[in-house]
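Colleague: got a structure for you, letters missing:
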């Protein structure tokens with residue numbers, strides 16, 4: 001997968017140049033919604049990339065891809081982790097509010113810092129971001145705040161009932177993000 005990066009970076013660069021020549025913005029209807037976006041001056045290479053992580057194995061594989069991609073494009077990579085705090089009743093919420101939440105926040109920040117330290121020098125990293133709430137909305141909001149040109153995130157490739165019950169954060173972000181989204185599916189274990 002990583003051997004394709006020089007080829008993909010070249011293809012992205014060529015596509016951006018071709019799109020500028022064709023002035024694709026004149027051919028896209030301004031009323032388009034969904035995955036088609038209107039570009040002001042043609043497509044530019046990503047300079048700011050957001051990488052949301054849930055610290056899973058598939059996210060780690062996607063992070064290696066994102067680091068390589070950002071390094072090739074000389075883009076700044078921002079890591080984001082969204083801590084989901086579910087309200088599970090007044091007793092459990094009260095027990096989690098002080099000590100447990102602080103502990104979760106601290107361990108999540110340490111994990112983010114460790115991911116960056118392990119890959120230092122391979123890409124330019126922006127500050128790590130740690131937020132609490134719904135990952136779907138916070139990933140979109142963070143991309144907008146950063147002015148991200150691209151979101152790269154891992155996906156587990158769930159299917160069937162599991163996907164129906166758990167949903168897909170990656171799929172939701174791909175549909176609603178304010179910028180293009182590149183989904184990287186982790187290798188499946190046999």
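Modeller: Arrived safely, thanks for sending. The structure presented is a predicted model; accordingly, all values stated were derived computationally and were not measured.
Colleague: so, low pLDDT: which residues of this structure?
Modeller: Filtered on pLDDT under 70, the chain yields the residue ranges 1-43, 86-98, 157-167, 188-190.
Colleague: how about a cut-off of 90?
Modeller: 1-44, 56-58, 83-102, 133, 155-172, 174, 185-190 (pLDDT under 90).
Colleague: select the longest strand from it.
Modeller: In the chain, taking DSSP state E as the definition, the longest strand is strand 76-83.
Colleague: paired strands for that one, with orientation please.
Modeller: Its sheet considered, strand 76-83 pairs with strand 48-52 (parallel), strand 124-125 (parallel), strand 129-132 (parallel) by DSSP bridges.
Colleague: mind listing residues that contact that strand?
Modeller: 47-55, 63, 66-67, 70, 104-105, 108, 111-112, 115-116, 123-135, 138-139, 142, 146, 148 (C-beta atoms under 8 Å, 6 or more residues apart in numbering). The C-beta positions use only the backbone N, C-alpha and C, and glycine is treated the same way.
Colleague: show me how to select, in PyMOL, the buried members of the residues you listed.
Modeller: Here is the PyMOL command that selects the buried residues among the contacts of strand 76-83 (16 or more other C-beta atoms under 10 Å):
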select buried, resi 48+49+50+51+52+53+63+66+67+70+108+112+115+116+123+125+126+128+129+130+131+135+138+139+142+146+148
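Colleague: how far away is residue 76 from residue 58?
Modeller: Residue 76 is 23 Å from residue 58, where distance means C-beta to C-beta, to the nearest Å.
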